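**Student:** here is my input, please return the structure:
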Amino acid sequence: MRYGKGHKEATRQKIIDTASRRFRGEGIAAVGVANLMGDLGLTQGGFYNHFESKDDLAREAVAKAWQGTYERLEKVLRDPEGGGIEALVDSYLSPAHRRNAALGCVAAALSPEIARSAEPVRAEFGRGVERITALLADALPRTLKPRQRRATAMAMFSTMAGALALSRAVDDEAVSDEILAAGRKAALALLVEAH
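**Tutor:** Next up is the predicted model:
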């Protein structure tokens with residue numbers, strides 16, 4: 001059967017999109033190639049028409065996840081109706097983001113697993129961290145020196161991702177809410193501290 005122009009790229013993108021969600025929701029190791037391809041109505045052998053390995057797919061899925069996170073955070077940050085850095089922190093550390101790991105930030109969902117991944121996956125993850133840090137740093141007051149903005153942005157993002165990850169890990173919703181509130185307070189305190 002011959003497929004139309006663009007079919008292979010569309011299929012590849014569908015695999016990346018699905019893997020990006022499933023990896024964040026279930027973990028990279030927990031999602032097998034055969035299972036992933038089966039969910040898409042594709043064969044395991046067909047996987048290798050698109051990717052050299054699962055690590056190759058993981059790298060692409062991480063890039064896709066970071067792109068989504070960047071776009072969501074930038075939208076909140078630049079929202080003319082109540083955007084800004086505080087709105088970004090509130091959005092990131094929200095119960096909705098906590099409940100939706102599969103569509104949320106890859107840092108909170110997969111950092112420990114990425115640390116044990118192949119170098120290309122880790123490199124892609126690092127590029128995402130740099131991009132989010134730059135987005136946050138750019139939103140900080142210009143009265144701060146560039147190095148201060150970067151250091152503050154890195155500390156804020158680390159605090160937010162850590163708080164979100166912890167809030168997902170506990171089984172008591174009240175404790176989870178406390179963690180999110182403490183993370184918000186700590187991230188915003190870094191702004192005050194930086195001035």
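**Student:** need the contact partners of stretch 103-112.
**Tutor:** Applying Cβ atoms under 8 Å, 6 or more residues apart in numbering, the external contacts of stretch 103-112 come out as 21, 23-25, 27-28, 62, 65-66, 68-69, 92, 97, 101, 114, 125, 128-129, 132, 157, 160-162, 164-165, 168. No exception for glycine: its C-beta is placed from N, CA and C like everyone else's.
**Student:** can you give me the mean pLDDT across it?
**Tutor:** Mean per-residue pLDDT for stretch 103-112: 96.
**Student:** likewise stretch 22-37?
**Tutor:** 96.
**Student:** cool, stretch 181-195 as well?
**Tutor:** Per-region confidence: stretch 181-195 scores 91 on mean pLDDT.
**Student:** try stretch 40-49
**Tutor:** Average pLDDT, stretch 40-49: 90.
**Student:** buried sites along it?
**Tutor:** Within stretch 40-49, the residues that count as buried by 16 or more other Cβ atoms under 10 Å are Leu42, Phe47.
**Student:** and it, end to end?
**Tutor:** End-to-end span of stretch 40-49 (Cα to Cα, to the nearest Å): 15 Å.
**Student:** same deal with stretch 142-149?
**Tutor:** In stretch 142-149, first residue to last residue: 8 Å (Cα to Cα).
**Student:** avg pLDDT for it?
**Tutor:** Mean per-residue pLDDT for stretch 142-149: 94.
**Student:** list the contacts of it.
**Tutor:** Outside stretch 142-149, the residues within contact range by Cβ under 8 Å, 6+ apart are Ala137, Asp138, Leu140, Pro141, Thr152, Ala194, His195.
**Student:** can you rerun that using 7 Å?
**Tutor:** With contacts defined as Cβ atoms under 7 Å, 6 or more residues apart in numbering, stretch 142-149 is touched by Ala137, Leu140, Thr152, Ala194.
**Student:** top of those by neighbour count?
**Tutor:** The residue in the contacts of stretch 142-149 with the most neighbours, by other Cβ atoms under 10 Å, is Thr152 (22 neighbours).
**Student:** list the buried residues in the strand or helix carrying it.
**Tutor:** Here Thr152, judged by DSSP states H and E, is contained in helix 146-169. Buried residues in helix 146-169, defined by neighbour count with 16+ other Cβ under 10 Å: 149-168.
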